[in-house]
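> What follows is a protein structure lacking sequence information:
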């Protein structure tokens, strides 16, 4: 009996330990299986996103530092209630609810999406599937808004992220206890208004709150765009918290220089050069700042015939075209081998490299096919249709455009790599042959608005010609967009001119509400007033208009009504 009790105790202990070991083994197996499931499924996605962040999207020959090394963290300000220094973009990524991020051309919307996606992917990969080591916040995936024109979000993402086995499914949580953050980039890049309406309606539907008894959605949305009309913003409703992407500050430009250049002395020389070139203000736009860095670093800094942002962009575009000249020369050599027509076509083509790219750019900004546009243009204007001499002429055109680094292959057509520079090129014909009526039309068309801004800047035309047009809605709206662009066009920043434009917008907003034909113009005027009022200086000007006894009574009443409506609309956004 004495030996039997210890043996029984030992058996119980041994069994307990064995059971505990089995439980631990099962838990470890289950944990590893779960980890292998979501980790294995998402690792290819993260590796792709991390690799995309290695190459800086803007290149100017030679080596350019990775985007992750030169990127300057961004801040945003609420669209309807701007105050203080704004909010870090990183806070929006890990917060609640859907986000609409509005930025001017060249403000860095796409670079932001690429950088944040790559950074998030690198942090998830570093965690190696262990939950305790995983980064806080969601799993980021990105998608161009154009992908939502013909298919819903789940199908578009499954196509954008092809994987072996089950396709990417945003209807299921990406990892235990985590959500997706789907970044939909470039709503404004959908040029066709009807197609853009489809995209906006899809985004609005996705942002609707689920029924009270329904499970929370496993995803949030972050949508980026240039400025949209107020009626387009209204489609999204209050399902999105709207923010404006803030400009670079002087400190941001200094940080970019410090990260880009090898030492403080070089960075200081660049900043001194920017000041001497009178581009201290323009480099607060991230694209302009990047171009300035690339031009200065590329040894082109002394090539500008006169200081200013226009000369800077001129030199940069010339350098891009020079870098892609070999493809044009190859097409000309092929034409020379096709006498007799080929010789005259080659001579004509050699002098029209810039014009050819301008034609492609004009097609791109209006949603057309750049290659087809150049083929049609060359058939109409060359001594003989190039396609008659070269049956593969469209392939040559495609290669000429790709060699400029302004376009990239996108399925069956070409897409803009540098949308702002493509707009700049499309503005060339109007800048050389100024036509005010055409400018107003371009300015009041969303897809060509930045083309108009580039044209008025390149033509060095003062906006005084708009004063006589403020009495008509089209003229006031065009002037309002000019003010909203913060473009450095001479005269647009003068306070009397700005005040008169604001007064005209107020007049057309208040007066058009009762006329069916004027409602669209009234909504556009209100949208512009809301955008302009986000800036303290313009808000103060609106207050001055409201209290200026020299202004007509209906204008002052409209200003008071506007502030009342703005205050009412500045309510907290609905979260999902």
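Received it, and whenever you're ready, just let me know what you need. The shown structure was predicted, so the numbers you read here are calculated from the model rather than taken from an experiment. Numbers count the residues shown, from 1 in each chain.

> Return the set of buried residues in stretch 353-366.
For stretch 353-366, the neighbour count (16 or more other CB atoms under 10 Å) marks 353, 355, 356, 357, 358, 359, 360, 361, 362, 363, 364, 365 as buried. (C-beta placed from N, C-alpha, C; glycine too.)

> Specify which member of these is nearest to residue 50.
residue 364 (29.4 Å; CB to CB).

> okay, the closest one: pLDDT?
The model reports residue 364 with a pLDDT of 93.

> count of residues packed around residue 385?
17 (other CB atoms under 10 Å).

> cool, and residue 393?
Neighbours of residue 393 (other CB under 10 Å): 22.

> Grab the nearest non-local neighbour of it.
residue 387 (4.2 Å; CB to CB, 6 or more residues apart in numbering).

> Would you check that that neighbour makes contact with residue 397?
No. Contact criterion CB atoms under 8 Å: residue 387 and residue 397 do not qualify, at 9.5 Å.

> Of the buried residues of stretch 353-366, which belong to helices?
Taking DSSP state H, the ones among the buried residues of stretch 353-366 that sit in helices are 353, 355, 356, 357, 358, 359, 360, 361, 362, 363, 364, 365.

> if we take those residues, which one ends up nearest to residue 508?
The closest of these, once distances to residue 508 are taken by CB to CB, is residue 365, at 26.8 Å.

> and the spatially closest residue to that closest one that is not a sequence neighbour, what is it in contact with?
In this structure, residue 365 finds its nearest non-sequential neighbour in residue 426, 5.1 Å apart by CB to CB, 6+ apart. Going by CB atoms under 8 Å, 6 or more residues apart in numbering, residue 426 touches 358, 361, 362, 364, 365, 448, 451, 454.

> Please look at the first one and residue 430 and confirm they touch.
No. In this structure residue 358 lies outside contact range of residue 430 using CB under 8 Å: 10.4 Å.

> Just name the closest of the ones in helices among the buried residues of stretch 353-366 to residue 557, please.
Within these, the smallest distance to residue 557 is 39.4 Å, found for residue 365 (CB to CB).

> any idea how far residue 89 is from that closest one?
Residue 365 sits 27 Å away from residue 89 when distances are taken as CB to CB, to the nearest Å.

> Can you pull out the low-pLDDT segments for the stretch 51-200 of the chain?
52-63, 81-85, 129, 131-133, 163-166 (pLDDT under 70).

> ditto for the stretch 201-350 of the chain
If you take pLDDT under 70 as the line, the stretch 201-350 of the chain has these spans: 211-214, 300-308.

> likewise the stretch 351-500 of the chain?
By pLDDT under 70, the weakly predicted segments of the stretch 351-500 of the chain are 411, 486-493.

> ok, residue 387 and residue 397, which is more surrounded?
In this view residue 387 and residue 397 are compared by other CB under 10 Å, and residue 397 has more residues nearby, 28 against 16.

> The more buried one reaches residue 374, doesn't it?
Yes. Taking CB under 8 Å as the definition, residue 397 is a contact partner of residue 374 at 4.7 Å.

> Residues that sit against both of these two, list them.
residue 356.

> Now the spatially most central residue of the chain: closest residue in space, sequence neighbours ignored.
With distances taken as CA atoms, centre = their mean, the chain has residue 109 as the residue nearest its mean C-alpha position (3.7 Å). Closest residue to residue 109 apart from its sequence neighbours, by CB to CB, 6+ apart: residue 224 at 4.1 Å.

> Tell me which residues touch the one you found, please.
Going by CB under 8 Å, 6+ apart, the list of residues near residue 224 reads 101, 102, 103, 109, 110, 112, 113, 183, 184, 185, 186, 187.

> just checking, next helix/strand downstream of the helix or strand hosting it?
Assigned by DSSP states H and E, residue 224 falls within strand 219-225. Using DSSP H and E, the helix or strand that follows strand 219-225 in sequence is helix 230-236.

> For this structure, just list every one of the strands.
For the chain, the strands defined by DSSP state E cover 75-78, 87-88, 98-102, 139-144, 180-185, 219-225, 240-245, 407-410, 413-416.

> Thank you kindly, that will do.
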